[in-house]
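Q: let's see this in three dimensions:
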Amino acid sequence: MPLGATIVPVCIARSFVVLLCALPLLAGAQSAFTPAPTAAHPAAPVVQQAINAGRSNPEDARRFADDALGLIATQPEPDLEIRAQLVLCDYFLERDLVRAREALARATALLPLARRSGLRAGVQNCEGEVHEAAGDNARALSAYERAVSEAEVAADGEMLANALYLRGWLRGVQGEYALALVDLRRSIGLYERGNYPEHSRTAVNGVATIYNRMGDYAQAQVYFEQAAKAQLAAGLEREAVVTLYNLGRSHEYQGRWADAEGTFTQAMQMSRRLGYARGEAYAARGMAAVHNARGEWQSALAQLARADALADPLPDARLRAHVALARGKAMRGLARPAESLTALTQALEVFRQAEAYADVAATYAALATTRADLGDWRGAFDDQQRLKETTDRLHARQLDQRVLALKVEFDTAARDKENALLQREKATTEAALAQELSASRLKVVVIALAGVLAAVLAVVAWRGRRVSRTMQALAMTDELTGLPNRRAVLARLGSLLAAGSPCAVLIVDIDHFKAINDRHGHPVGDEVLRAVAGTLAAELRGAMSAGRLGGEEFLVLMPRTEIDPAMHLAERLRAAMARIDPARWSIALPITVSVGVALARPGPGGIADVLRRADDALYAAKAAGRDRVRAGQAALVAA
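A: Predicted coordinates:
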């Protein structure tokens, strides 16, 4: 990946996903989860119009959503009102973060009245996008994790596809390319089974963006070109603007400046026609990059001034950082190094906070040359050193993630082959049984065939039970640690709450785990995960249980437990982890964990509420310096 490579910020790249919550559920699940009265409500077709307009004209989407809320005010319908508020949340994400939060709050307040349980996942998706727009990627990822969990528990395929797409995108932003591809490909499959070709195509664009980050620009370009052509043919101009910008970036990475100029110009013209300020701002930044590459510094500044004016009211700090980076390059070209230094320093602060290492590297490269122009040789040398460290980290991560991506593809192919063999075995067995049953009609061998049939059925039943037990164990077990996986541990939590049993919940997160992977490689990171999981299992007693939520996070359940015993166990777990010997992996620092504790009680909040409170407590423990235990807020109590 070149040093100048970057990524399209989340709001421009896939803000349409929140809108999908108002579409019908995926095939096979609609009758189970879509309430009948909603379809007959006069606001239902208006909400659908708002969703359709969101992919072509955002202003129409807002107008239809407001009209729907007016109808709902005279005839209340919680599910439709939630969906209309999510349309507004999506609209304001790109324009006014305060109003987006207001729409999110209204949708959240309505959840206890909702009939469709999967709408909880839709609200979690909106919350994640609000956090992401505010630059808090850690909380955004946590919200997407909760959305995936809620959708899986609700068996809501549509919401699951949305949540997987959002989580996959953010994982790609953070450099977890293999995990990102898993999420995105899974979302594509769900969209295709639900017959949503436009949404599937946008998810494919997400895969193409991952390829861009991994340096496979040619393959990414093919995907972007195909998607843009199909979107323009379908009249989805707003989505086409996003795809065209991504295509322009792909040309930019390859130094194909004439192609980049043509694509950015097309995106800019379409954005102006739609009144899409964010799209025009990004296109102006792209045009400035083209002018900088040609040494047309004043033209670049003119484009950046336009981008600044458009971006000023938007809640997008990374867009402004990209504009500042381009301005720093233009100022240096005009022999104004002091102004260049100011712009580049502003960009660096934002990129570092977002952990956007490719952008950080590009900024360090520009800073080194600017400091040299100012005669600050020591500063230039330091920036060169930081540039080397960042690019080394990028290259190492890129290599690791490419290997992981290949492993994921291989493992997926292997599982598909195993499933195919099981299907063929099942078909063979059924054919054999059919033949035996046909032969049994011959009276002369009735007794003999009955014995044979009984034996075959016994073998088939035995093998069926064995295969079923094996498949169930695989489906509910985390392959790496041997603990129950996310699905199993959340199902256990759901069962406890459904049975009316209170429960203490602990989220255990390994501190600085990303640094362990970066410095010592993913094999060592896997060993650390196994060691932590083993220690966790050894410390639990009685009815306590634990499972892996994903990444470096584990969930501990303590049935019929109040806060003091839960805090005591959390401290015991924290101390036990600190006793793990890191020297076996040549790790200098101790292995520590941060723990968030919350109490789950039967009530309106459900799984999402207790996970959110435990996650907030974990976030507080991290903010307090890590290697800490913190308790979350009290649970909601049903009136």
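Q: count of neighbours near the closest residue to Ala293 other than its chain neighbours?
A: Closest residue in space to Ala293, ignoring its immediate chain neighbours: Trp257 at 5.3 Å, by CB to CB, 6 or more residues apart in numbering. (Each C-beta comes from the backbone N, C-alpha and C, glycine too.) When neighbours are defined as other CB atoms under 10 Å, Trp257 has 16 of them.
Q: is Trp257 in contact with Asn292, as I believe?
A: No: between Trp257 and Asn292 there is no contact under CB atoms under 8 Å: 9.9 Å.
Q: would you check that Glu539 makes contact with Arg574?
A: No: counting by CB under 8 Å, Glu539 does not reach Arg574; the two are 10.3 Å apart.
Q: tell me which stretches of this structure form strands.
A: Here the chain has its strands, by DSSP state E, at 503-510, 545-550, 553-559, 593-600, 629-631.
Q: and the third one, which residues are buried?
A: Neighbour counts over strand 553-559 (16 or more other CB atoms under 10 Å) mark Glu553, Phe554, Leu555, Val556, Leu557, Met558, Pro559 as buried.
Q: identify, from those, the entry nearest to Gly547.
A: Leu555 (5.4 Å; CB to CB).
Q: need the pLDDT of the closest one.
A: Leu555 is assigned a pLDDT of 95 by the prediction.
Q: over to Trp462?
A: pLDDT, Trp462: 70.
Q: neighbours around it, how many?
A: Trp462: 10 neighbours (other CB under 10 Å).
Q: same question, Asp382
A: 15.
Q: distance-wise, check it relative to Asp376.
A: To Asp376, Asp382 is 9 Å away according to CB to CB, to the nearest Å.
Q: ditto for Asp392
A: For Asp392 relative to Asp376 (CB to CB), the value is 24 Å.
Q: just Ala624 next, same as before
A: Ala624 is 37 Å from Asp376, by CB to CB.
Q: of the two, which one has the most company?
A: Using other CB under 10 Å as the criterion, Ala624 and Asp376 rank with Asp376 on top: 17 against 12.
Q: what's the burial count for Ala105?
A: Counted with other CB under 10 Å, Ala105 comes out at 14.
Q: state the distance from it to Pro313.
A: Counting by CB to CB, the gap from Ala105 to Pro313 is 21 Å.
Q: just give me the neighbour total for Arg63.
A: Neighbours around Arg63, by other CB under 10 Å: 16.
Q: next one: Gly295
A: Gly295 has 10 nearby residues by other CB under 10 Å.
Q: for it, which non-adjacent residue is spatially closest?
A: Gly333 (6.4 Å).
Q: how about the buried residues of strand 553-559 in CSV, adding distance to Gln48?
A: Formatted as CSV, the buried residues of strand 553-559 follow (distance: CB to CB, whole Å):
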residue, distance to Gln48
Glu553, 37
Phe554, 41
Leu555, 37
Val556, 43
Leu557, 40
Met558, 45
Pro559, 43
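Q: between those, which is nearest Arg167?
A: For those, the nearest to Arg167 is Glu553 (13.2 Å; CB to CB).
Q: ok, that closest one - contacts?
A: Glu145, Ile507, Val508, Asp509 (CB atoms under 8 Å, 6 or more residues apart in numbering).
Q: I'd say Ala617 and Ala624 touch.
A: No: using CB under 8 Å as the test, Ala617 is too far from Ala624 to be in contact (10.5 Å).
Q: now for the two: what residues contact both?
A: With CB under 8 Å, 6+ apart, Ala617 and Ala624 have common neighbours Arg630.
Q: weakest of the strands of the chain by average pLDDT?
A: strand 545-550 (a mean of 90).
Q: what is that one packed up against?
A: helix 486-498, helix 522-539, strand 553-559 (3 or more CB pairs under 8 Å, 6 or more residues apart in numbering; DSSP states H and E).
Q: any low-confidence regions in the stretch 1-150 of the chain?
A: Along the stretch 1-150 of the chain, segments meeting pLDDT under 70 span 1-39, 55-56.
Q: what segments of it are helices?
A: Counting by DSSP state H, counting those that start in this stretch, the stretch 1-150 of the chain has helices at residues 10-14, 30-33, 36-40, 44-54, 58-74, 78-93, 97-110, 119-133, 137-154.
Q: quick check: which ranges of the chain have low pLDDT?
A: Ranges of the chain meeting pLDDT under 70: 1-39, 55-56, 354-355, 394-453, 455-456, 459-461, 464-475, 603-605, 635-639.
Q: mind checking how far Ala361 is from Ala109?
A: Between Ala361 and Ala109 the computed distance is 44 Å (CB to CB).
Q: more neighbours: which of those two?
A: Ala361 (25 against 14).
Q: hmm, the more buried one is touching Thr391, no?
A: Yes: contact criterion CB under 8 Å: Ala361 and Thr391 qualify, at 5.2 Å.
Q: one step back: now render the strands of the chain as JSON lines, adding distance to Tyr196.
A: JSON lines is the format used below for the strands of the chain (distance: least, CB to CB, whole Å):
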{"stretch": "strand 503-510", "distance to Tyr196": "33"}
{"stretch": "strand 545-550", "distance to Tyr196": "25"}
{"stretch": "strand 553-559", "distance to Tyr196": "30"}
{"stretch": "strand 593-600", "distance to Tyr196": "34"}
{"stretch": "strand 629-631", "distance to Tyr196": "41"}
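Q: mind checking which of those strands is nearest Gln231?
A: Of all those, strand 545-550 comes closest under CB to CB, at 32.2 Å.
Q: partner strands of that closest one, with direction?
A: When pairing is defined by DSSP bridges, strand 545-550 lines up against strand 553-559 (antiparallel).
Q: next one: the partner strand to chain centre, how far?
A: When distances are taken as CA atoms, centre = their mean, to the nearest Å, strand 553-559 is centred 22 Å away from the chain's centroid.
Q: can I get it in CSV, CA atoms only?
A: Only the C-alpha atoms of strand 553-559 are listed here, as CSV (Å, rounded to 0.1, in the frame of the first residue of the first chain):
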residue,chain,number,x,y,z
GLU,A,553,-13.0,-9.9,24.7
PHE,A,554,-14.6,-12.6,26.9
LEU,A,555,-18.0,-12.7,28.7
VAL,A,556,-18.5,-14.2,32.1
LEU,A,557,-22.0,-15.1,33.5
MET,A,558,-22.7,-15.4,37.2
PRO,A,559,-26.3,-16.6,37.8
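Q: flag every buried residue along stretch 325-334.
A: Leu325, Ala326, Arg327, Gly328, Lys329, Ala330, Met331, Arg332, Gly333.
Q: hmm, the fifth one is touching Ala366, no?
A: Yes: under the contact definition of CB under 8 Å, Lys329 touches Ala366, with a separation of 5.7 Å.
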